Structures are given as C-alpha cells and as structure tokens.
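[1] need a structure here:
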Amino acid sequence: MDWSHDDTRKTNSYDDSEMYNRFEVVNSASMYNTGDTVDAIPIVIWHRIDNSGEDDPEAYATTIDLFEKEIKYLHDNGFKVLTMADIGYDANSNYLYLKR
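    Numbers count the residues shown, from 1 in each chain. Now for the predicted structure:
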C-alpha cells in the first residue's frame, strides 16, 4: 500500500495540522501482518521537503516542521524508515524485498 503524502495535501487543501492528524494512516498496514509474517508495509511518499509551499496547499512540498513531526511519530511508534533504494523487486515472485 502507499499513501502519497503531498497528493493528499494538494487534493484536500490540508494544512500541516490536518496532514499530521491523518498521518496515522501508516498504522493501517499492521492489520495485514501476523506474528513474524510481514505481508504489508506502509510506503509514504514525500516529493519535496522544504518550506517552499508553506503558504500554498497546491504545492508538492512538505514543510520541514511537519516532516520532523512525522519522522518522530515513526520513530516513537517503532517503525523502521527505509528509502526506496533499500527495497528491491523480484519479478519471479512478484514481491518486494529488503536488500541486505
């Protein structure tokens, strides 16, 4: 599953507070995971992290303050943050995997 952070902001004209209130969507993947089996991980897409769109809800930019709050949320709730470079795709099994 994925959630385009900036597209959600743009589509709904959300401010930082409204975006942060919706950020717990990252927890929704856990309902698909049981025991040691991970069948779903949240993929959050931030297009740009800077204050260039701070006063423009149409901009594809996440403010630095909001990004820091969201990363803290992930840290405080036990998430492991990876970049797309950490994830590979196996065409034979049609699954994503973690590169090690």
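
[2] can you list the weak-confidence ranges in this protein?
    Scanning the chain for pLDDT under 70 picks out 1-3, 54-59.

[3] quick check: which element contains residue 44?
    Following DSSP states H and E, the helix or strand that holds residue 44 is strand 43-45.

[4] and that strand, what's buried?
    With burial defined by 16 or more other CB atoms under 10 Å, the residues of strand 43-45 counted as buried are residue 44. (Glycine included, C-beta is placed from N, CA and C.)

[5] just the helices from the chain, written as ranges.
    Listed in chain order, the helices of the chain (DSSP state H) span residues 5-12, 16-22, 64-76.

[6] looking at these, which is buried most?
    helix 5-12 (a mean of 17; mean count of other CB atoms under 10 Å).

[7] which other helices and strands contact that helix?
    Under the contact definition 3 or more CB pairs under 8 Å, 6 or more residues apart in numbering; DSSP states H and E, helix 5-12 sits against helix 16-22, strand 43-45.

[8] cutoff 10 Å now
    Secondary-structure packing of helix 5-12 (3 or more CB pairs under 10 Å, 6 or more residues apart in numbering; DSSP states H and E): helix 16-22, strand 43-45, helix 64-76.
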